[in-house]
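Q: return atomic coordinates for the entry below.
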Amino acid sequence: MCANGCGPSYFSESFRARLSKYHDSACNNHDLAYEQGGNELDRIKADYKFAADMMKKTHPIAVLIAPIFFLLVRFGGWGSFKYGAKK
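A: A predicted model of the protein is given here:
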């Protein structure tokens, strides 16, 4: 896995590009944190940093979709996180 913008790697590149319109850097940083891996606390920290990074945006749509993205990674991202990876 590598930083690929917002959305899982199995989404098409064009769809990920649309999802990444407002939060590309936050998504890429989150991808890198998941690649680095660790334990469940590391994953929680990565997800909350992701939320904080997204909430720095001021565009109304960016603010509206940030909680949705956060919930998606919190409840669906466990399969992409590298548990047990060395930091």
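
Q: which residues does stretch 8-22 contact?
A: 1, 4-7, 27, 54, 57, 59, 61-62, 65, 80 (Cβ atoms under 8 Å, 6 or more residues apart in numbering). All C-beta atoms are positioned from the backbone trio N, CA, C, and that covers glycine.

Q: how about it: buried residues?
A: Neighbour counts over stretch 8-22 (16 or more other Cβ atoms under 10 Å) mark 16, 19-20, 22 as buried.

Q: just stretch 70-84 next, same as before
A: So for stretch 70-84, counting by 16+ other Cβ under 10 Å, buried means 70, 73, 77, 80-81.

Q: is it possible to export these to JSON lines including distance to S12, secondary structure and pLDDT?
A: Output for the buried residues of stretch 70-84, formatted as JSON lines (distance: Cβ to Cβ, whole Å; DSSP: H, G, I helix; E, B strand; the rest coil; pLDDT from 0 to 100):
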{"residue": "F70", "distance to S12": "23", "secondary structure": "helix", "pLDDT": "97"}
{"residue": "V73", "distance to S12": "19", "secondary structure": "helix", "pLDDT": "97"}
{"residue": "G77", "distance to S12": "19", "secondary structure": "helix", "pLDDT": "94"}
{"residue": "S80", "distance to S12": "17", "secondary structure": "coil", "pLDDT": "93"}
{"residue": "F81", "distance to S12": "23", "secondary structure": "coil", "pLDDT": "95"}
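
Q: take the buried residues of stretch 8-22 and keep only those in strands.
A: The members of the buried residues of stretch 8-22 all map outside strands under DSSP state E.
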